[in-house]
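K.L.:
compute the structure for the input listed below.
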Amino acid sequence: MLVLLAVNPSDYEQKYPEDPYGKEFEPEARVWKVYMDEAEVFDMELTEGWKDTVDVLLVFAGLFSAIVATLIGVSVQALQPDYLQVTVAILAELVAIQREMASGNSAAGVTPSSLSVDTLPAPTTGERWVNGLWFTSLAFALCTALIATIVKQWIQKYRAFTFGSTMDQVLHRQFRYMGLNSWRVPLVVDTLPSLIHISLFLFLAGLALFLVPL
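P.N.:
Take a look at the predicted model:
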C-alpha cells in the first residue's frame with residue numbers, strides 16, 4: 001500500500017533538508033529559504049491590502065475629479081466679466097440711435113447704456129468661496145490620484161522578482177523593506193483616504209454655498 005505524505009508548508013524542517021555542518025549560512029542555506037517563505041507571506045498580506053486601497057481610491061478620485069471639474073467649468077464663469085451683457089447693451093443702444101435718426105430726430109435723445117466693461121458687477125463673496133472650495137477640492141483629489149499612482153509603482157518595485165542566490169534575494173528584499181519604511185510608505189497609504197475625505201468635504205461645502213441662492 002502506497003502512502004503519500006503531504007509536506008506541511010509551515011514545517012520547514014520537513015520542507016527543506018538540514019544543512020551540512022558548518023554550512024548553515026551558505027548562500028543556499030535553509031535559514032535563507034525559510035526567511036524568504038515567511039517574507040513572501042508577510043509581503044503578500046501587506047501589499048495586497050495596499051493594492052486594494054489604492055485601486056479603490058484611484059477609481060473614486062478619477063470619477064470625483066471629473067464631476068468637480070465639470071461643476072468648476074460652470075461656476076468659474078461667475079468670476080469672469082460677462083462681455084455678452086455689454087455687447088447686448090451696446091447693440092440695443094445702436095438700434096435705438098438708428099431708429100431716432102430714421103425718424104429724423106437727434107441721436108442725443110437716446111439714453112446711453114449704463115452697462116460697460118468698467119461697470120460690470122464684481123463676483124460676489126459667495127461665488128469666490130464656491131470656486132475656491134471646489135478648486136481646492138479638485139487639487140486634493142488630483143494629489144490623491146498622483147500619490148496613489150506612485151504608491152502602486154512602489155508596490156510593483158517592492159514585489160519584483162530578484163535574481164541570484166537565496167541569500168542575495170534575502171538581502172534585496174530586506175533592502176527594499178527598509179526603503180519602504182524610510183519613505184514612510186505605510187503612513188502614506190494610511191493618509192490617502194484622509195485626503196479624499198477632505199476633498200469630498202470641501203466639495204460638499206462648496207455645493208451647499210452654490211445651492212443657497214437657487
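
K.L.:
show me how far the helix ranked longest in the chain is from its chain's centre.
P.N.:
For the chain, the longest helix by residue count, based on DSSP state H, is helix 30-75. Distance, stretch centre to chain centre, for helix 30-75: 11 Å (Cα atoms, centre = their mean, to the nearest Å).

K.L.:
so which elements touch it?
P.N.:
Contact analysis of helix 30-75 by 3 or more Cβ pairs under 8 Å, 6 or more residues apart in numbering; DSSP states H and E lists helix 12-15, helix 125-159, helix 166-182, helix 185-211 as its packing neighbours. For the C-beta atoms, the positions are set from N, CA and C on the backbone; glycine is no exception.

K.L.:
for residue 25, find the nearest of those.
P.N.:
Each of those was scored for nearness to residue 25 using Cβ to Cβ, and the closest is helix 166-182 (8.0 Å).

K.L.:
run through who's touching the closest one.
P.N.:
Contacts of helix 166-182 with the rest of the structure, by Cβ atoms under 8 Å, 6 or more residues apart in numbering, involve 26-29, 32-33, 35-36, 39, 43, 154, 157-158, 162-164, 186.

K.L.:
quick one: buried ones out of those residues?
P.N.:
With burial judged by 16 or more other Cβ atoms under 10 Å, the buried subset of these is 29, 32, 33, 35, 36, 43, 154, 158.
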